[in-house]
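S.K.: any chance you can model this:
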Amino acid sequence: MKNGFFHHPRSIWLTFALFFGVSLILGAIYGKALSAQAANLVVVQQDTPSGYAGPEACSTCHEELYETWSTTRHAQAFSSPIFQRDWEEEGSNFTCLECHTTGFNADNGSYSHEGVTCESCHGPFQPGHPEALMPITPNAELCRSCHQSTTDEWMASPHAKADIQCQACHNPHSQTPRAATVTELCTNCHKQMSDSFAHSTHAESGVECSNCHMYTPPRSEDPIMGLIPTGHTFTVGSEACIGCHQDTVHTRDTIVQLTGQVEAAPAENTETLEQTIVEQESTIESLKAQSTVRLYTGLAQGAIVGLVTGGVAAWVVSRRIKVVEEEE
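M.R.: You can find the predicted model right below:
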């Protein structure tokens, strides 16, 4: 016996419409889920403890360090407009969050907190802290997880050979040098460098050690993925000299022209300059004539004085001769 339900045209269309509508709804839900994943719009699953307490929890005891950190690039590693722009241009790539967030989970693209927080370096919060310590190994390997290009340069430097780690020069909490100036930081160890001509001359001109020993070409664009030269090999190449002496690096056998002063000098009137030259030439000729007159006048005066002096001397001598003859 045949069931007319399956052959009724209206029932067929209703069945088709039902399955078609359900498929559209499921497809829309799936597509929205993919879009959210592509845009990396993820949140931490609240029902699964992440183990990260967050920087605010650390501030309860370490308030001063928290205040220092809160204004650094580490704290703004995720919220920075430059990162947000570049991250969007990169298609919101999950791998960027490994360095720009804390507690990043590569399996599902989730993270615990935005930015590089305390637990990025110290690890997840230990329930027994402070009795349970949260120590770190302060060496370049810790920084290398994000600052790869910088640590690669450092590995090729004399600092690495001398086992001078990143924290010897950088304060990790404030991200500032451990001295008021770069030169003061360097001279803590390199105390004799100012004795050489190159170092002393540059120091007198206000040049810092890093201007030459960490020179990098000026950037016209913002760095992408952090892969930029940072000068941590500390070697001085020709590009460091050219950076300041680009006008004279190939003209050492000529006199350096003060181009800045020449360009700043006011323009002179040509007719005024020519008139000045004529007047100066006339003055020179007059001085030459006066000099000649003075020469002949001096000769005449010398001749007269010589005649008078010579006559007097001759008269005195002749008188003495006569007196001597009379006495004899």
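S.K.: just the element for Pro124, please.
M.R.: Pro124 is part of no helix or strand, with elements assigned from DSSP states H and E.
S.K.: that one and Tyr52: what is the separation?
M.R.: Remark: distance between Pro124 and Tyr52 (Cβ to Cβ, to the nearest Å) = 5 Å. Where C-beta positions appear, they are placed from N, C-alpha and C, glycine not excepted.
S.K.: also Cys118?
M.R.: Using Cβ to Cβ, we find Cys118 at a distance of 10 Å from Tyr52.
S.K.: who's more crowded, those two?
M.R.: Counted by other Cβ atoms under 10 Å, Cys118 and Tyr52 do not tie: Cys118 has more neighbours, with 24 against 20.
S.K.: domain ranges for the protein?
M.R.: Per automatic domain parsing, the structural domains of the chain span 33-136, 138-259.
S.K.: nearest to Gly310, out of those?
M.R.: Closest to Gly310 of the domains of the chain, according to Cβ to Cβ: domain 138-259, at 57.0 Å.
S.K.: so for that closest one, what's the average pLDDT?
M.R.: Mean per-residue pLDDT for domain 138-259: 83.
S.K.: can the domains of the chain go into a markdown table with extra columns for distance to Arg294?
M.R.: Listed next are these as a markdown table, based on distance: least, Cβ to Cβ, whole Å:
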| stretch | distance to Arg294 |
| --- | --- |
| domain 33-136 | 80 |
| domain 138-259 | 39 |
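S.K.: between those domains, which gets nearest to Gln275?
M.R.: Closest of those to Gln275 is domain 138-259, at 27.2 Å (criterion: Cβ to Cβ).
S.K.: just how off-centre is the closest one within its chain?
M.R.: 9 Å (Cα atoms, centre = their mean, to the nearest Å).
S.K.: who's in contact with stretch 227-241?
M.R.: Identification of contacts with stretch 227-241 by Cβ atoms under 8 Å, 6 or more residues apart in numbering yields 148-151, 153-154, 156-159, 210-217, 219, 249.
S.K.: and the residues you listed, which are buried?
M.R.: Buried by 16 or more other Cβ atoms under 10 Å: 149-151, 153-154, 157, 159, 210-215, out of those.
S.K.: just the strands in the stretch 51-200 of the chain please.
M.R.: With DSSP state E, counting those that start in this stretch as the criterion, the stretch 51-200 of the chain has strands at 101-102, 113-114, 170-171, 176-177.
S.K.: now the common contact residues for Pro124 and Tyr52.
M.R.: Counting by Cβ under 8 Å, 6+ apart, the residues touching both Pro124 and Tyr52 are Gly103.
S.K.: low pLDDT regions in the stretch 1-150 of the chain?
M.R.: 1-50 (pLDDT under 70).
S.K.: just the helices in it please.
M.R.: Ranges of helices in the stretch 1-150 of the chain, per DSSP state H, counting those that start in this stretch, are 9-38, 55-59, 63-69, 81-89, 97-100, 118-122, 140-144, 148-155.
S.K.: equivalent analysis for the stretch 201-328 of the chain, please.
M.R.: Applying DSSP H, counting those that start in this stretch to the stretch 201-328 of the chain gives helices spanning 209-213, 238-245, 259-264, 270-327.
S.K.: among the ones you listed, which is nearest Glu67?
M.R.: When the helices of the stretch 201-328 of the chain are compared by Cβ to Cβ, helix 209-213 sits nearest Glu67, at 27.2 Å.
S.K.: contacting residues around the closest one?
M.R.: Residues outside helix 209-213 that contact it (Cβ under 8 Å, 6+ apart) are 182-183, 186, 190, 193, 202, 231, 234-236, 240-241, 244.
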